[in-house]
Each structure stands twice: as C-alpha cells, then as structure tokens.
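Asks: fold the following for me, if possible:
(one chain, ligands or ions: 1)
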Amino acid sequence: MVYRFEKWGSGAVFTIDRPEKRNAINDEVMDALSDAIKAAGDDESLRYFVITGEGRSAFCSGGDLSEFHKLRTEEDAAPMLGKMADILLRLALLPVPVIALVDGHAVGGGCEIATACDFRIVREDVRCGFIQGTLAITTGWGGATHLLHKTGRQDTALRMLMEATPKRAPELLEAGWATELYTGDKFAALSRFTEPMERVHPSVHRAYKQAAVRRYIAGGLPERVREEVSACAKLWAADVHHEAVDRFLNKKK
Ligand SMILES: CC[C@@H](C(=O)O)C(=O)SCCNC(=O)CCNC(=O)[C@H](O)C(C)(C)COP(=O)(O)OP(=O)(O)OC[C@H]1O[C@@H](n2cnc3c(N)ncnc32)[C@H](O)[C@@H]1OP(=O)(O)O
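Replies: Prediction:
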C-alpha cells in the first residue's frame with residue numbers, strides 16, 4: 001500500500017506512504033487520493049481533510065520521475081499532468097477546510113499539492129519550493145495558478161516560481177505561503193491548529209469555505225489550471241527537460 005486514509009477525530013488524514021521515494025506521486029497514489037477526495041466530499045460529518053507524507057524526510061517530492069520519465073512527448077505528458085491537476089482542483093474545492101501537514105521537504109509537485117490546500121502547517125526546519133524550473137518545465141499540476149490566486153503579492157509568488165529554489169520555512173512564512181510553523185510532533189501541531197476551530201460549528205466552516213470556492217470559480221481557476229497543464233506539457237517534450245531528469249535519476253549511479 002502506498003498510502004493510508006484514516007479518520008483523525010472529526011477529520012480525515014490522507015498519508016502518502018512511499019518514504020523510500022520521498023513520497024513521490026505515482027498513478028496508484030493519484031487514484032487513491034482521488035478516491036479519498038470523493039469520500040470526503042460525500043461525508044457530511046467530516047470537519048477537515050488533511051494531507052501529509054510518511055516519515056520526516058519529505059512531505060512529497062513531486063511526480064515520480066522514474067515512472068513519468070517514460071512519458072516523452074507533449075501528447076504523452078498532458079493526460080498525466082491533467083489527471084493530477086484535476087485531483088488538486090477537487091482538493092481545493094472540497095467543502096471543508098483542507099490542511100497540508102508539511103513534516104518534511106515539499107518540492108516540485110509536492111509544493112503544488114500543499115499550495116492547493118487552504119492551510120499549510122509547516123515544520124520549521126524543512127524547505128519547500130517549485131523546483132520544476134531546474135528540470136526545464138513549469139508547474140504542471142496547477143500549482144502556479146493556485147499560488148497566484150492565494151498569496152497576496154504577485155512579485156513574491158512569481159519569484160518563488162522563477163527562482164525554482166526551495167525556501168526555508170521562516171521565509172515561507174514571511175512570503176505568506178506557510179500558514180504557521182511548528183517544532184516537534186506533527187499531530188500535536190495539527191491539534192493546536194484545529195483546536196480553536198473545533199469551538200465553531202462545522203456549518204460555519206462549510207459556509208466560509210463556500211465563499212472561498214466562489215472566489216476560485218469567479219477567478220476562473222479551472223480554466224487557468226487547464227492552460228497551465230498545456231504549457232507544461234509543451235515544455236515536457238523538450239530534450240533539455242529529459243536531460244535534466246536523466247541527471248537527477250542517475251546522480252548516484
Ligand atoms: C511530474 C510533475 C511535476 C510537476 O508538475 O510538478 C513534478 O513534480 S517534477 C518532479 C520534481 N521533483 C524532483 O525533481 C525530485 C526532487 N527530489 C529531491 O529534491 C530530493 O529527493 C528531496 C525531496 C529533497 C529529498 O532529498 P534526500 O532526502 O537527500 O533524498 P534523495 O534525493 O537521496 O532521494 C531518496 C530516493 O528517493 C528518490 N526520489 C526522490 N524524489 C523522487 C522523485 N520525485 N521521483 C522519483 N524518485 C525520487 C531518489 O531518486 C532516491 O532513490 P534511490 O537513489 O533509489 O534511493
């Protein structure tokens with residue numbers, strides 16, 4: 001099993017469970033996340049949806065390059081990118097608060113997953129970033145669209161994307177990407193975060209989340225995500241991208 005989906009108090013936690021691959025996302029994880037989002041959307045009693053990674057090394061290292069490197073052309077890459085972009089859009093549009101519990105590095109598509117969430121609770125010694133630029137591609141799962149929609153300053157958001165460098169947690173807090181930082185046990189941090197919310201009736205959370213969702217839709221989020229997928233698929237086909245992935249996969253051989 002490469003994931004776990006479990007109840008946590010009045011919420012549910014989806015854990016990517018591939019620590020040996022730094023929780024990289026393959027098709028099996030995508031399908032499981034898609035099913036979990038469907039189940040969460042259908043559960044009227046649910047208060048929160050939480051996503052995290054197993055182990056303390058990585059929240060998620062993005063797409064599994066050893067699997068997705070087999071996709072060579074724009075036509076090959078677009079369905080994989082579009083599939084995960086749709087999943088992240090559905091994650092963002094869930095009717096309950098969605099929390100990324102970032103207990104390890106979040107890079108590439110891992111940073112996109114966290115960005116699609118409403119809140120990012122981040123361990124204070126991890127680094128997160130949109131490193132896709134180092135692979136000569138852009139974010140392909142809608143992450144830039146989510147980022148530009150959510151963070152206050154466009155220059156800060158564009159800089160995160162264009163520099164393609166993981167940032168330290170305090171910088172991520174300063175940039176408005178991290179919601180709050182923690183040390184110690186991740187579930188203790190999650191409890192501290194949700195405790196004040198538990199005093200508020202869940203129907204209030206759902207109503208506020210609906211207000212956020214209306215803003216996403218009015219801002220054309222789904223259409224903009226689809227355009228982002230197409231732009232990445234075009235870059236994916238270039239030799240410069242395939243050479244950069246070869247270098248990553250062969251770095252220790
Ligand atoms: C495809 C979609 C696209 C998008 O739209 O966003 C992407 O996500 S592009 C992918 C971006 N990700 C990367 O470029 C990989 C980044 N990984 C890292 O930078 C590091 O692994 C880490 C997350 C900072 C962790 O570093 P460290 O703890 O030092 O671990 P290692 O680097 O030694 O990795 C251990 C092990 O895991 C394999 N690994 C890591 N990430 C991936 C990945 N994304 N896909 C496949 N495999 C991955 C790595 O190769 C090592 O394997 P072994 O050598 O076999 O032990």
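Asks: any idea where the helices of this structure begin and end?
Replies: Secondary structure of the chain (DSSP state H): helices at 27-42, 65-68, 74-92, 109-116, 143-150, 154-163, 169-174, 186-198, 202-218, 221-236, 239-249.
Asks: out of those, nearest to the ligand?
Replies: Proximity to the ligand (C-beta to the nearest ligand atom) singles out helix 109-116 among the helices of the chain, at 3.0 Å. The C-beta positions use only the backbone N, C-alpha and C, and glycine is treated the same way.
Asks: who touches the closest one?
Replies: 23, 25, 51, 53, 58-63, 84, 88-89, 91-92, 98, 100, 102, 106, 120, 128-131, 139-143, 146-147, 150, 177 (C-beta atoms under 8 Å, 6 or more residues apart in numbering).
Asks: rerun that using 6 Å as the cut-off
Replies: The set of residues external to helix 109-116 that reach it, using C-beta atoms under 6 Å, 6 or more residues apart in numbering, is 25, 59-63, 88, 91-92, 100, 102, 106, 120, 128-130, 139, 141, 143, 146-147.
Asks: who in this protein is up against the ligand?
Replies: 21-22, 24, 57-58, 61-66, 68, 105, 107-109, 112, 131-132, 135, 139-141, 232, 248, 252 (C-beta under 6 Å from any ligand atom).
Asks: before we move on, back to that, is it possible to export the helices of the chain to CSV including mean pLDDT and mean neighbour count?
Replies: Formatted as CSV, these follow (pLDDT from 0 to 100; neighbours: other C-beta atoms under 10 Å):
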stretch, mean pLDDT, mean neighbour count
helix 27-42, 98, 16
helix 65-68, 96, 17
helix 74-92, 98, 20
helix 109-116, 98, 29
helix 143-150, 95, 23
helix 154-163, 97, 15
helix 169-174, 97, 17
helix 186-198, 97, 15
helix 202-218, 97, 13
helix 221-236, 98, 19
helix 239-249, 97, 13
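Asks: sorry, back to before: among the residues of the chain next to the ligand, which lie within strands?
Replies: Counted as lying in strands by DSSP state E, out of the residues of the chain next to the ligand, are 58, 105, 107.
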